[in-house]
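Peer 1: sequence and predicted structure are below.
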Amino acid sequence: MNLATLIPLVLKASIVLLVVGLGLKATLDDVTSLFRRPGLLLRSLLSMNVVMPLFATVLALVFDFHQAVKIALVALAVSPVPPILPKKELKAGGTASYAMGLLVAAALLAIFLVPLTIKVLGPAFGREGHISFLTVVKLVLSTVLVPTAAGIVVRRLVPALAERMTKPVSALATVLLVAGSLPILFTAWPAISSLIGNGTIAALAVFVLVGLAAGHWLGGPDPQDRTVLALSTASRHPGMAMAIAQANFPGQKLVVGAVLLYLIVNVILSALYLTSRRRHPAKFEGAVKT
């Protein structure tokens with residue numbers, strides 16, 4: 001097995017372990033909680049699945065960015081929550097019920113919403129957009145639903161073992177994630193650097209900032225919910241975005257670089273958002289009432 005084959009396996013293993021670790025601390029009530037809060041569920045869908053796809057499409061059509069950047073923006077906007085995000089949201093003070101509930105709800109709804117949204121937005125790029133239903137199901141199952149369910153089952157059947165496993169599993173997952181990500185960033189850096197300029201950084205930054213603002217505003221009166229929805233609206237599943245791009249624009253090799261550049265910009269701006277939330281909470285008061 002060569003390095004090119006090993007690195008993706010390491011990344012997949014890290015994501016699976018991270019989500020299993022989240023599942024070890026979650027309950028069935030947590031992951032189904034959002035379906036019992038229809039108002040918050042609808043606002044979450046509005047923020048993630050209406051505001052962002054429309055904004056990304058307008059951004060891509062109005063401005064003359066590199067084609068790979070336009071594709072990445074739209075593909076990211078229609079993708080669900082990344083499976084590693086709840087860990088960050090919980091550290092930021094979000095509740096397990098909303099963070100895990102949104103992860104699972106977005107994953108389940110993505111099975112139907114991602115193919116539908118891509119089909120609707122495709123003509124804007126002069127072609128009929130598509131992504132295989134099975135591709136979405138496979139990604140959702142392997143990166144979200146199955147690992148989450150595995151962790152919850154272990155917690156339910158052997159809670160003492162789940163308690164002991166949580167920290168080691170999460171630690172191993174983090175080590176694997178770093179080990180798998182650094183070589184990819186190093187290898188893809190020429191593609192990333194080639195996209196810098198012509199407003200690319202500004203476009204990605206505006207995309208993230210609009211996501212943070214939309215999620216914060218639509219998150220409701222609870223500051224914890226606002227934080228979770230802000231991060232979830234701005235942060236999207238890179239694997240799903242790349243699958244969408246590959247299905248519709250297989251010749252655009254720079255999309256991977258654009259998605260990785262987005263991840264870097266998102267990490268920086270999300271960190272600034274969370275820092276501002278902690279230092280100046282009063283400035284962030286006032287949102288849509290439930």
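Peer 2: Looks like it arrived, so ask away. Note that the structure is a prediction, hence the values are computed from the model and not measured.
Peer 1: which parts of the stretch 101-250 of the chain are helices?
Peer 2: 133-140, 146-157, 159-195, 200-218, 223-234, 238-248 (DSSP state H, counting those that start in this stretch).
Peer 1: so what does the fifth one touch, helix or strand wise?
Peer 2: Using 3 or more Cβ pairs under 8 Å, 6 or more residues apart in numbering; DSSP states H and E as the contact criterion, the neighbours of helix 223-234 among helices and strands are helix 38-46, helix 85-91, helix 96-121, helix 200-218, helix 255-279. Every residue, glycine included, has its C-beta placed from N, CA and C.
Peer 1: show me what contacts S47?
Peer 2: Neighbour list for S47: G211, A214, G215, L218, G219, L229, S232, T233 [criterion: Cβ atoms under 8 Å, 6 or more residues apart in numbering].
Peer 1: of those residues, closest to T174?
Peer 2: Taking Cβ to Cβ as the measure, T174 sits nearest to S232 out of the contacts of S47, at 20.4 Å.
Peer 1: what sits closest to the closest one if chain neighbours are left out?
Peer 2: Of all residues not flanking S232 in the chain, V81 sits nearest, at 5.0 Å (Cβ to Cβ, 6 or more residues apart in numbering).
Peer 1: mind putting the helices and strands packed on helix 223-234 in JSON lines, mean pLDDT, distance to Q246 and mean neighbour count included?
Peer 2: Below are the helices and strands packed on helix 223-234 laid out as JSON lines (pLDDT from 0 to 100; distance: least, Cβ to Cβ, whole Å; neighbours: other Cβ atoms under 10 Å):
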{"stretch": "helix 38-46", "mean pLDDT": "96", "distance to Q246": "26", "mean neighbour count": "17"}
{"stretch": "helix 85-91", "mean pLDDT": "93", "distance to Q246": "22", "mean neighbour count": "20"}
{"stretch": "helix 96-121", "mean pLDDT": "93", "distance to Q246": "12", "mean neighbour count": "21"}
{"stretch": "helix 200-218", "mean pLDDT": "96", "distance to Q246": "20", "mean neighbour count": "21"}
{"stretch": "helix 255-279", "mean pLDDT": "93", "distance to Q246": "8", "mean neighbour count": "18"}
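Peer 1: so what's the residue count around the closest residue to M48 other than its chain neighbours?
Peer 2: Leaving aside its sequence neighbours, M48 sits nearest to T233 (Cβ to Cβ, 6+ apart; 5.2 Å). For T233, the tally of surrounding residues (other Cβ atoms under 10 Å) stands at 28.
Peer 1: my guess is T233 meets M52, correct?
Peer 2: Yes - T233 is within contact range of M52, at 6.2 Å (criterion: Cβ atoms under 8 Å).
Peer 1: common neighbours of these two, please.
Peer 2: With Cβ under 8 Å, 6+ apart, T233 and M52 have common neighbours G211, A214.
Peer 1: now for P250, how many residues are close by?
Peer 2: 9.
Peer 1: just the pLDDT at it, thanks.
Peer 2: P250 carries a pLDDT value of 84.
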